[in-house]
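A.B. asks: A predicted structure for the sequence below; I have some questions about it.
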Amino acid sequence: MATARRGVSLRSQVAALDSLLHGRSLTLSPAHRALQKEHLEAALRTLRWMEIHAPEIRRAMASQEADQ
């Protein structure tokens, strides 16, 4: 998988997933499809990172809820 090293915002990752899921990707130009692919790859990296770190994320969230 090719990886872009520049940051892709979560908002852009969500927008790419939303566009793909709702069929709006079919009308994109080749340049926009390439950008969408970059954002989808970033979303996949984000989800994989979250999967790896899920236990720590859950502990941090539980700790934060306990402090409230």
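C.D. replies: Looks like it came in fine.
A.B. asks: let's verify the spatially most central residue of the chain: helix, strand, or coil?
C.D. replies: Central residue of the chain (Cα atoms, centre = their mean): A43, 2.3 Å from the mean position. Secondary structure for A43, judged by DSSP: H, G, I helix; E, B strand; the rest coil, is helix.
A.B. asks: again with the one 3 residues further on
C.D. replies: Of the three states, T46 takes helix under three-state DSSP.
A.B. asks: from M50, how far off is the nearest residue to it once chain neighbours are set aside?
C.D. replies: The shortest distance from T46 to any non-neighbouring residue, by Cβ to Cβ, 6 or more residues apart in numbering, is to Q13 (6.2 Å). Placement of C-beta: from N, CA and C, glycine included. With distances taken as Cβ to Cβ, to the nearest Å, Q13 is found 12 Å from M50.
A.B. asks: so the two - more neighbours on which side?
C.D. replies: Q13 (20 against 10; other Cβ atoms under 10 Å).
A.B. asks: residues contacting the more buried one?
C.D. replies: For Q13, the contact set (Cβ atoms under 8 Å, 6 or more residues apart in numbering) comprises H39, L40, A42, A43, T46.
A.B. asks: what pLDDT does it get?
C.D. replies: With respect to pLDDT, Q13 has a value of 95.
A.B. asks: that one and P30, how far apart?
C.D. replies: 20 Å.
A.B. asks: so what's K37 up against?
C.D. replies: If a contact means Cβ under 8 Å, 6+ apart, then K37 has no contacts.
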